[in-house]
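Participant: next input, structure requested:
(chains A and B)
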Amino acid sequence: ETGVTQSPTHLIKTRGQQVTLRCSSQSGHNTVSWYQQALGQGPQFIFQYYREEENGRGNFPPRFSGLQFPNYSSELNVNALELDDSALYLCASSLEDRYNEQFFGPGTRLTVL
Amino acid sequence: AQKVTQAQTEISVVEKEDVTLDCVYETRDTTYYLFWYKQPPSGELVFLIRRNSFDEQNEISGRYSWNFQKSTSSFNFTITASQVVDSAVYFCALSEAYRGGSTLGRLYFGRGTQLTVWP
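Facilitator: Residues are numbered from 1 along each chain as shown, chains lettered A, B, ... in the order given. Presented below is the predicted three-dimensional model:
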């Protein structure tokens, strides 16, 4: 148990729809990163939020967006879903001065039909 | 550019055998961190070890040991006397030291090695 929770656990959507995934960080962690893990692949960095601002982004299109709230919980929003968006979405939280100690949540498995 | 390569896609062993998972990395930075994570079928990434680029001392922790060699850019992981519960996907990852304005601890993962331990 890392203290990081994600919801929902599983989700099924159809192409073109929009989805919101949620992450609750470990208490006091002000940095959250989101990763996409396609089947059979390693996790790929989507973006990071630090003190409610985006702090770095991987090679993902603008239809992937996020938010971080004052309590440091976070959302990942994906618009205009595509079949290739089917993946496990992982969030990881950390303290800014201990950024190499990241705690991962259990993930949300998204299936796009 | 940062890159992590895990050449072994799948490894199968019989319980009690030793197994080594290979990891080769690329980075231009002189300060970086290397990690091993375990991902059981449930999907959650379980942290196993972190090493910084200045610490080449190899370590043994219970049945786990690590071999970090900067000269060959390798960070291999060995499980001694494997057990069925070790069956999982193992990921090697790299992150770079923070520089002002950069992302904090962005991880670059390899594609993972599926380890199956048979009873």
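
Participant: output the below-cut-off pLDDT ranges for the chain.
Facilitator: Using chain A. Filtered on pLDDT under 70, chain A yields no residues whatsoever.

Participant: try chain B instead
Facilitator: B:99-101.

Participant: strands of that one, residue ranges please.
Facilitator: With strands called from DSSP state E, chain B shows them at B:3-5, B:10-14, B:19-21, B:24-26, B:32-39, B:46-52, B:59-61, B:64-69, B:74-79, B:88-96, B:108-109, B:113-118.

Participant: near chain A, which residues of chain B are found?
Facilitator: B:4, B:33, B:37, B:42-45, B:47, B:50, B:91, B:93, B:95, B:98, B:102-112 (CB under 8 Å from any CB of the partner chain). In this view, the C-beta of every residue, glycine as well, is placed from N, C-alpha and C.

Participant: ok, now which ones touch residue 11?
Facilitator: Since you didn't name a chain, this refers to chain A. A:Val19, A:Leu21, A:Thr108, A:Arg109, A:Leu110, A:Thr111 (CB atoms under 8 Å, 6 or more residues apart in numbering or on different chains).

Participant: looking at chain B here, not the other one
Facilitator: B:Val19, B:Leu21, B:Thr113, B:Gln114, B:Leu115, B:Thr116.

Participant: ok, now with 10 Å
Facilitator: B:Val19, B:Thr20, B:Leu21, B:Asp22, B:Ser82, B:Tyr90, B:Thr113, B:Gln114, B:Leu115, B:Thr116, B:Val117 (CB atoms under 10 Å, 6 or more residues apart in numbering or on different chains).

Participant: next one: B:Ser53
Facilitator: So B:Ser53 contacts B:Thr27, B:Asp29, B:Thr30, B:Thr31, B:Tyr32, B:Tyr33, B:Leu34, B:Phe68, B:Lys70, B:Leu94, B:Glu96, B:Ala97 (CB under 10 Å, 6+ apart).

Participant: same deal with B:Ser74?
Facilitator: B:Thr5, B:Asp22, B:Cys23, B:Val24, B:Tyr25, B:Leu34, B:Asn67, B:Phe68, B:Cys92.

Participant: possible to save the residues you listed as TSV with neighbour count and distance to A:Cys91?
Facilitator: Output for those, formatted as TSV (neighbours: other CB atoms under 10 Å in any protein chain shown; distance: CB to CB, whole Å):
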residue	neighbour count	distance to A:Cys91
B:Thr5	14	26
B:Asp22	17	29
B:Cys23	27	24
B:Val24	16	28
B:Tyr25	20	24
B:Leu34	23	22
B:Asn67	16	31
B:Phe68	21	28
B:Cys92	27	21
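
Participant: look up the residues forming beta bridges with B:Gln114.
Facilitator: On the basis of DSSP bridges, B:Gln114 is bridged to B:Glu10, B:Val89.
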